[in-house]
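> Fold the following for me, if possible:
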Amino acid sequence: MTLQDYINSGLYNEKQINQLRLGTKFGTDLAKFSNPAFNWKQMREIRIGLRRGIPVFFYDSVELSHQTMREIRKALECDIFIVPFLDKGYNHLQLNQIIIALIDGISVESFQNPTYRWQHMKEIRMNLTLGVIDNLMVA
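This is a model prediction of the structure:
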């Protein structure tokens, strides 16, 4: 399908069409992010991932918020495999704390609990980073 076909279909709002236009401008395969069930922010995250060569199949689901999609994309861009954490119920703010820890080489074992608020996860991560506590002291 061409961009004009997507526009003429009547299935997309203006912001979604803008994402399709951007995809066309950069030579991105529109079929990979043109599901009209995606909101424009979800389409943006998939389009950016495609342009950067990220395997978007890890996050191209309408069930995921655009914020969660962004965290997964950012992790994959840093060669951090975050997928095992996705089925555990973490929100995007919690995923962000896990990603930062993994990038910094910090074990997430002590705070990989989806019932922990992201602020608590950050506090544990910061203390581990500073050496104030170690993984054995966190319960």
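> okay, CA-based contacts and neighbour counts for the rest of this
Will do.
> how does this structure divide up, domain by domain?
Following automatic domain parsing, the chain resolves into domains at 1-77, 89-139.
> what's the least confident stretch among the ones you listed?
Mean pLDDT is lowest for domain 89-139 out of the domains of the chain, coming in at a mean of 86.
> Quick check: the gap between Gln16 and Asn39.
Plainly put, Gln16 is 7 Å away from Asn39 if you go by Cα to Cα, to the nearest Å.
> Who has more neighbours out of those two?
Comparing Gln16 with Asn39 by other Cα atoms under 10 Å, the one with more neighbours is Gln16, at 24 against 18.
> And for the more buried one, nearest residue in space, chain neighbours not counted?
Excluding the flanking residues, the one nearest Gln16 by Cα to Cα, 6 or more residues apart in numbering is Trp40, at 4.6 Å.
> contacting residues for that neighbour?
Residues in contact with Trp40 (Cα atoms under 8 Å, 6 or more residues apart in numbering) are Lys15, Gln16, Gln19.
> so what's the backbone phi/psi at it?
phi -60, psi -30 (degrees, to the nearest 10).
> Quick check: the gap between it and Pro114.
28 Å.
> again, but for Thr28
35 Å.
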